[in-house]
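need coordinates for the below:
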Amino acid sequence: MHRLLPLLPAVPLLGAGLLVAGGRHLPRPVAEAFGCLAAATTAALAIVLLPHSSPALVEWVGGWFPKGGESVGIVLIGDGPSLGMAALVSLLTLAALAYSWHYFDEPPRGHAGTFPALILLFQGGMCGFAVAGDLFNAFVFFELMSAVAYALTGYRIDEAKAVQGALSFALVNSLGAYFMLMGIALLYARTGELAMAKIAEGLNAAAGHHGPDALTLTAFVLVLTGLLVKSAAVPFQFWLPDAHAVAPTPVCMLLSGVMVELGVYGVWRVYGTVFSGPGGLPAADVTRTLVVLGVLTGAVGAVMCWYQRHIKRLLAFSTIAHTGLFLIAVGVLKAEADDGAALYILGHAGVKAALFACAGILLDRYGTVDEFSLHGRARHLRGVGATFAVAGLALAGLPPFGTGLGKAVSEEAVGAPLTVVYVAASALTGAAVLRVAARVFLGFGPRPEEREGEEREEDKTSGADEEPETRQRLVRVPRTMGTVPAVLLAAALAVGVVPGFAGLVGHAVDEAGTWGVFSSVHWTATGVLLDLLSTLLAVGLALVAVTRPGLLSAPEWALPLRRLQSGHVGDYVAWLLVGTTLLGALALPAVLR
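Residues are numbered from 1 along each chain as shown. Okay, the predicted model is just below:
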């Protein structure tokens, strides 16, 4: 079975190549159907391989096996987490392609396969990153994934703001990638190896009894910077809302549903495989670094989410907030927390993709994603409104959704002080979504009015004047566009309710982890109560915001935080450097002892 691992990135890449070569000769339905077939085939392959992932499948591509303990080949690892991520990527890609069936404006004559080909390239890069067992090829797939994401973000190239958002995305993420490549070069210089397990052996041998040195710390910080930029952790997050605001809706489903989570997965994989041994960084220093960043990310993302009126930006900031929660769980370095993060990511992927799909329907029906402009206009979209509202409850942690189970397991693992961050971030992001649902789909509360000074600040980010992504505004919602978000939400529910599924996920993560223990993953009374608490807080905040909007208006201290999202790429690059410095400062005690 291990010989099938290369097919996970190869199938979508081959499918993309065939679409590029033959797309000019294919009618649009055939090209889109072929894209769906390639994505579904990859998903099926990942799911077939999952039962055989214990022990982990290992494939040295092209037969370049290690000789004399040294290796130069490409190694792919097929364990539970890597194959699970590949399956998640492929299923979400299939959902995005199904959602976009006849979705966009008709492409230029003879280029019907352009969009599905780009989506398949994106899928191939993400699947390759998930199963890569050596750092350099992880970086190669990382950059393939990124380059295609830039093109997809700026897909509507005739719009200046789409190009600007794509350029900001590209410049910031490319700098993060250069940092990561420099870190890989330092590790190769120290160990002469690129396979993650081999690098760990080399670091352990070089360190002896002295522990990590400055070179190891520098490599750790540089590699982590590249991964955290991709996961949109604070203060690397500025590119994400700008990209989501202009990217086509199916692309947003993939960016927030799985690409950002791949950055968190990369942090977990790289630390656990490369830096967790005697030659790496002590657990206490890594915990301090990731938990501090996680708390900052959760807090900033939740606050910024609450004060958005552009629905796609609101959803982007909620992704940032939940990324912070994932980082906290990964950062405490416990098996139970890893299990919680895995379940949380699975549930969040379905919920967030469903929310973006609903936002896309609003955009193509009304030509706006401005919460104020849409007040009460979508009353007749009952199915879409119900999906949006239920997804908001799931985002807040409502049992028995997978988001609620992942949140509950993570909270129990991280402990009481950090539990407050989980409850607050979940409640605030869920409340923001529920507020939008109440105003847009039900028309609750007074019509929001511009406050003094706000119109000038929000004129470019309100979402009031957007162009539909279809040829013309939708009169009725196509069946595929209405069905896909409902299916995604049902999948998020299944993560929390299917008997034995959570246990299988937990066992797979624990077996691939480095902690040497197996935890029991299940609902607990405390977890359910905390989930209900965050859900009730979300509902309460949403009701207050809708009925008494003045009580929760933006305070003075929040305005500078909002102005940091300036749209100027130079500012974002400066914050990237600040973030790298912060990482180094947090991890520095590891080499001072």
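
now the helices for the stretch 1-150 of the chain?
Along the stretch 1-150 of the chain, the segments classed as helices by DSSP state H, counting those that start in this stretch run 7-22, 28-49, 80-99, 114-131, 135-153.

TSV for those helices, including distance to P241 and mean pLDDT?
No exception for glycine: its C-beta is placed from N, CA and C like everyone else's. Formatted as TSV, those follow (distance: least, Cβ to Cβ, whole Å; pLDDT from 0 to 100):
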stretch	distance to P241	mean pLDDT
helix 7-22	28	92
helix 28-49	27	92
helix 80-99	20	95
helix 114-131	20	94
helix 135-153	12	92
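
so which of the ones you listed gets nearest V332?
For V332, the closest of the helices of the stretch 1-150 of the chain is helix 80-99, at 17.2 Å, according to Cβ to Cβ.

distance between that closest one and the chain's centre?
12 Å (Cα atoms, centre = their mean, to the nearest Å).

show me what it is packed up against.
Other helices and strands packing on helix 80-99, by 3 or more Cβ pairs under 8 Å, 6 or more residues apart in numbering; DSSP states H and E, are helix 7-22, helix 28-49, helix 114-131, helix 249-254, helix 260-270, helix 335-366, helix 479-497, helix 501-512.

and V475, its phi and psi?
Reported as degrees, to the nearest 10, the phi and psi values for V475 are phi -90, psi -40.

what is the neighbour count of it?
6 (other Cβ atoms under 10 Å).

likewise L355?
Around L355 there are 32 residues (other Cβ under 10 Å).

just to revisit the earlier point, kindly reformat the helices of the stretch 1-150 of the chain as JSON lines containing distance to T581.
Formatted as JSON lines, the helices of the stretch 1-150 of the chain follow (distance: least, Cβ to Cβ, whole Å):
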{"stretch": "helix 7-22", "distance to T581": "35"}
{"stretch": "helix 28-49", "distance to T581": "39"}
{"stretch": "helix 80-99", "distance to T581": "30"}
{"stretch": "helix 114-131", "distance to T581": "26"}
{"stretch": "helix 135-153", "distance to T581": "22"}
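
where does the stretch 351-500 of the chain have low pLDDT?
450-465 (pLDDT under 70).

do that again at 50, thanks
Residue ranges of the stretch 351-500 of the chain with pLDDT under 50: 452-453, 455-459.

follow-up on the earlier one: can you redo the helices of the stretch 1-150 of the chain as CSV with mean neighbour count and distance to G570?
Compiled in CSV, the helices of the stretch 1-150 of the chain are given as follows (neighbours: other Cβ atoms under 10 Å; distance: least, Cβ to Cβ, whole Å):
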stretch, mean neighbour count, distance to G570
helix 7-22, 20, 34
helix 28-49, 20, 37
helix 80-99, 26, 32
helix 114-131, 27, 28
helix 135-153, 21, 18
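
list the buried residues in stretch 503-519.
Judged by neighbour count using 16 or more other Cβ atoms under 10 Å, the buried positions of stretch 503-519 are V505, G506, H507, A508, V509, D510, A512, G513, W515, F518, S519.

which one of the residues you listed sits closest to H52?
Checking the buried residues of stretch 503-519 one by one against H52 (Cβ to Cβ), the nearest turns out to be A508, at 11.9 Å.

pretty sure the closest one is touching S54, no?
Yes. If you go by Cβ atoms under 8 Å, A508 and S54 touch, sitting 7.5 Å apart.

what residues do the two have in common as contacts?
D79, G80 (Cβ atoms under 8 Å, 6 or more residues apart in numbering).

closest one to G183 among the helices and strands packed on helix 80-99?
helix 260-270 (9.5 Å).
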